[in-house]
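Colleague: The following comprises the amino acid sequence and a computationally predicted model.
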Amino acid sequence: MRFRKYSSLYSFFEPDTEFGGIIPRLVSGFHYYIKIVVYIGYLTFAMNRLTSALNISSYTSVNVSV
């Protein structure tokens, strides 16, 4: 994809414009938001696996005869 096709977006990325400070902040904010969401997901799955491994002896077995 060639960026020069989309000349209407040039004003967002040219230096010394009113958008010069906004776009990088939005992009990096979105980047860190996604990273935090992924890390919280990793921690949630890790805690789930850890608690299920530690509490395996607390499960009660139930005999169900058909």
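Modeller: Thanks, I have the structure now.
Colleague: Low-confidence ranges, this protein, go.
Modeller: Flagging of the chain using pLDDT under 70 yields the residue ranges 1-7, 9-15, 19-21, 57-61, 63, 65-66.
Colleague: May I see the buried residues of the longest helix anywhere in it?
Modeller: Taking DSSP state H as the criterion, the chain has its longest helix at helix 22-54. Using 16 or more other Cβ atoms under 10 Å as the test for burial, helix 22-54 gives no buried residues. (Each C-beta comes from the backbone N, C-alpha and C, glycine too.)
Colleague: Could you number the chain from 279 rather than 1 from now on?
Modeller: Okay, using 279 as the starting number, the last item reads as helix 300-332.
Colleague: which other helices and strands contact it?
Modeller: The helices and strands touching helix 300-332, judged by 3 or more Cβ pairs under 8 Å, 6 or more residues apart in numbering; DSSP states H and E, number zero.
Colleague: let's see 10 Å
Modeller: Secondary-structure packing of helix 300-332 (3 or more Cβ pairs under 10 Å, 6 or more residues apart in numbering; DSSP states H and E): helix 288-291.
Colleague: Nice, that's everything, thank you.
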